[in-house]
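Novice: For reference, the sequence and a predicted model appear below.
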Amino acid sequence: MTRRLTGFPASFQRGFRRSVHRAVAAGLLAAALAIPGTAALVAAPAMAQETPVRGGVLNSIVQPEPPTLMLGLNQQGPTQTVAGKIYQGLLTYDQKLNPMPSLAESWTVSPDGLTYTFKLFPNVKWHDGQPFTAKDVVFSTSKFLMEVHPRARAVFSRCESITALDDHTVEFKLKEPFPAFIQAFEVSSAPIVPAHIYEGTDYRANPANNTPIGTGPFKLKEWVKGSHIQLVRNEEYYKKDLPYLDGITFRVIPDAASRSLALESGQVQQTQYSDLEPFEVPRMKALPNLTLTTAGYEFVAPLSWLEINHRVKPLGDKRFRKAIAYAIDRKFIRDKIWFGLGRVPTGPINSVVKFYDPKVTTYEPNLDKAKALLDEMGLKPDGKGVRATVKLMPMPYGETWTRLGEYLKQALGKVGIAVVLESTDAAGWAQRVSNWDYEITTNFLYQYGDPALGVARTYISSNIRKGVLFTNTMGYSNPKVDELFAHAAQEIDPAKRQADYSEVQRILSDDLPVVWLLEMEFPTFLDKRVRNANTTAIGVNDTYESVWLAK
Amino acid sequence: MLGFAHLFASRLVKAVAILIAIVVMNFFLVHAAPGDPAMVMAGEAGAADERFVAQLREQFGLDRPLYEQLGTYVGKIAQGDLGFSYRQQRPVWDILAERLPATLVLTLTAFVLALALGVALGTLAAVTVGTWADSAITVVALLAYATPIYWIGLMLSLLFSIQLGWLPAFGYETIGAGYTGLAHAADVAAHLILPVITLALFYMASYARLTRASMLEVRGLDFIKTAKAKGLSQSRIVTRHVLRNAILPVITVAGIQAGQLVGGSILIETVFAWPGIGRLAFEAVLQRDYQVLLGIFLVTSIMVILFNILTDILYGLVDPRIQVSQ
């Protein structure tokens, strides 16, 4: 099983700064920065010389099969890839994580950072023909998502009020400044759902969940469970002449080797995320009809690490964690286990996310340093050369993680740390990690474009919550770190935010609450005839309104 | 005939008792696995809070004590209701009804093909024992029996779909083609060929080996000598005397395998992306979709019981000496 997570984009910073400047310069609402959301802009400039052709069906893979396509209720990775064509958010983001129009045509941020005003596209219709208005946005963000969507709940609970100023204008007033707010409107973070279908109903039990009604360029035509999901063009789409494609078909192919065959034989023209095992990537890359890109994952910006339970001795001692870091060759992991996909990390923030700072304590492979640290702790080798025994439970999300577990066992064994590998499945893993019933595990989290949205949650002590996944399961607690993250989240001056985040990165890289392993990159393979795909920070999860197939 | 009626009735009574025991045991078995569907869904979402998991558990009824959940479940089963899938939010009956035809068309075709070919090849090998034909059949059967089934599947797919381009590599039908009637049947049949061959090869090998061994054993018995002495033709001796007596072990094995028709094709369904019930079961385990899993267990249990009864009846038909014990 592959896990695909989602999140908030974070390159809010630049967009925010720009918004503030304009708002200051031209007065609040009047200065709404109007970025026209036309197809021409969305289309990649490199393809500008070619005229898009209408027609054709794009075939791709959906794996694992999503439980539902109602994106408000389920934000599993495959759900996003499919439902991102059906539903839309107010914004999408370019690959530098700057906000771009989606359902919102333009937006402004007040200089005090408390009021966000969005102007919606006129003439947008739901797939059932009803008009889309500000009422839908207010309902989605203040009621629907607050009830069912954990990430959206955390963001929109910061709102003092959410108001429809008129049919096409929505105003969000925050209780306190939260500059990451502008990163929170991507389609999976805040999908806009139809108020006329959901208002006053039991959201999870609504029969309409099986027939998703969105505003996007594609509509659900047919979903044969276990076989395929077929989307067809929304003829009423509000952008003239879009989308180009007649439809998109997602095939459910559970076996990794069969997925490679499907791509190789041309039966699908696109694969994404973990569809292919990393060891297949070099072979596929060599095929003449395919292009490989790792762009389009900037919004999720996954970072993987060794998650370490500080409650278990001697894992609570940072010298032990440093010894682990020195014993591991992370370049080897990147090159030999992920076959070159990814970057060696330096600290808690992925280098494609804003506020990343490389000036931190780093750990090059050095067995002597590792042994010296263990000696210093008094962990001397016994007759078999074993200084300590730890249990490692690799995450059950594909063969690559198992291989990583085997490598770690070898690498740590060299400095006298004996590793007992534990195996489990996804449900067991979630249960044990969230209840702190583990010693060391591998994990990866998405960063959602802003440290306030995707990074702080792992390290702040207020997020030590038993039974909840993707929290501070290590039990790491440092008041200074808490304070810096809290302050940075509310600071609207980007320079001051940077200072906070730089300091927190330096502290964390020395405390080493987790051992960062890899800034992961996912491979997207596209048939060379597929044009204009993968132009935003959410890549394959975007609407595909301007994607077309060359003859 | 009265014997059969008796047998059938008493077997049915036992079957119901067994089924109840199976339902209860399975219920505890699936709940014994660590984690629950709410946890799995939280894990997939990539973000969670207390409320998210609590809401799901409440919606699924997992916040109730286990015995209460069991009571609810057994009560529903008694009314013929298999419950509701947590993930798909649809009745389990609907999901099973949707997946069963795909699995049955695959496994039944493979089963019939394997049985016919296996018995034929086994007979041929036994008749020609010691010749090149026998050796060839034995080697092929051994290979097919020993090679991992998913590997054969991938290799066939590589050869016939990727290299030669003759057959579709996976799936149940051509998506979006909108075929009806005969065209649709032909389309499904084309998709069926590779998975059926892959699955049938394995079973065929076991039937062939079994038939051959059993026939060789029967061939040396006295009554065969008598038949020969009577001057019966070779073909009549083989079909009427040797095969009929040698077929009993094959029926036994076939009966057991027939019971597994519903659940036994997980690997094939996975490799060929066949939307069947084996895969549904596998995914339900990983996702802790308890009700779906229990529903599949129930259906497969019923299949096993039915085929066992059928096998017993067949015994009596093939060999009238076998008495029905009360």
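Specialist: Nice, I can see it.
Novice: Is A:Leu392 located within a helix, as I assumed?
Specialist: No - counting by DSSP: H, G, I helix; E, B strand; the rest coil, A:Leu392 falls outside a helix, being strand.
Novice: From A:Lys331, how far out is it?
Specialist: 20 Å (CB to CB, to the nearest Å). C-beta coordinates here come from the backbone N, C-alpha and C atoms, glycine included.
Novice: do the same with A:Thr141
Specialist: 44 Å.
Novice: just B:Thr128 next, same as before
Specialist: Applying CB to CB to B:Thr128 and A:Lys331 gives a distance of 62 Å.
Novice: Tell me how many other residues crowd A:Asn206.
Specialist: A:Asn206 has 15 neighbours, counted by other CB atoms under 10 Å in any protein chain shown.
Novice: Next, the contact list for the closest residue to it other than its chain neighbours, please.
Specialist: Nearest non-adjacent residue to A:Asn206, counting by CB to CB, 6 or more residues apart in numbering or on different chains: A:Tyr198, 6.1 Å away. By CB atoms under 8 Å, 6 or more residues apart in numbering or on different chains, A:Tyr198 lies in contact with A:139, A:144, A:206, A:208.
Novice: Redo those residues as JSON lines? Include secondary structure and pLDDT.
Specialist: Listed next are the contacts of A:Tyr198 as JSON lines, based on DSSP: H, G, I helix; E, B strand; the rest coil; pLDDT from 0 to 100:
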{"residue": "A:Phe139", "secondary structure": "helix", "pLDDT": "97"}
{"residue": "A:Phe144", "secondary structure": "helix", "pLDDT": "96"}
{"residue": "A:Asn206", "secondary structure": "coil", "pLDDT": "91"}
{"residue": "A:Ala208", "secondary structure": "helix", "pLDDT": "92"}
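Novice: ranges for the helices of chain B?
Specialist: With DSSP state H as the criterion, chain B has helices at B:2-32, B:37-45, B:50-60, B:66-78, B:92-127, B:132-146, B:149-157, B:181-219, B:222-230, B:234-236, B:244-259, B:266-271, B:277-287, B:290-318.
Novice: With the stretch 401-550 of chain A instead?
Specialist: Listed in chain order, the helices of the stretch 401-550 of chain A (DSSP state H, counting those that start in this stretch) span residues A:426-434, A:451-454, A:456-459, A:479-490, A:494-511.
Novice: what's the nearest residue to the most centrally placed residue in chain B if we skip its chain neighbours?
Specialist: With distances taken as CA atoms, centre = their mean, B:Leu261 lies nearest the centre of chain B, 1.4 Å away. Computed as CB to CB, 6+ apart, the closest residue to B:Leu261 that is not its neighbour in sequence is B:Thr107, at 4.1 Å.
Novice: wait, what's in contact with residue 76?
Specialist: Assuming you mean chain A. A:Gln76 touches A:4, A:66-67, B:41, B:44-45, counting by CB under 8 Å, 6+ apart.
Novice: try chain B instead
Specialist: For B:Lys76, counting by CB under 8 Å, 6+ apart, the contacting residues are B:82-83.
Novice: Relative to B:Trp93, how far out is it?
Specialist: In terms of CB to CB, B:Lys76 sits 11 Å off from B:Trp93.
Novice: For residue 199, the count of nearby residues, please.
Specialist: I went with chain A, as the question did not name one. Look at A:Glu199: counted by other CB under 10 Å, it has 14 neighbours.
Novice: Not quite, go with chain B.
Specialist: Look at B:Leu199: counted by other CB under 10 Å, it has 27 neighbours.
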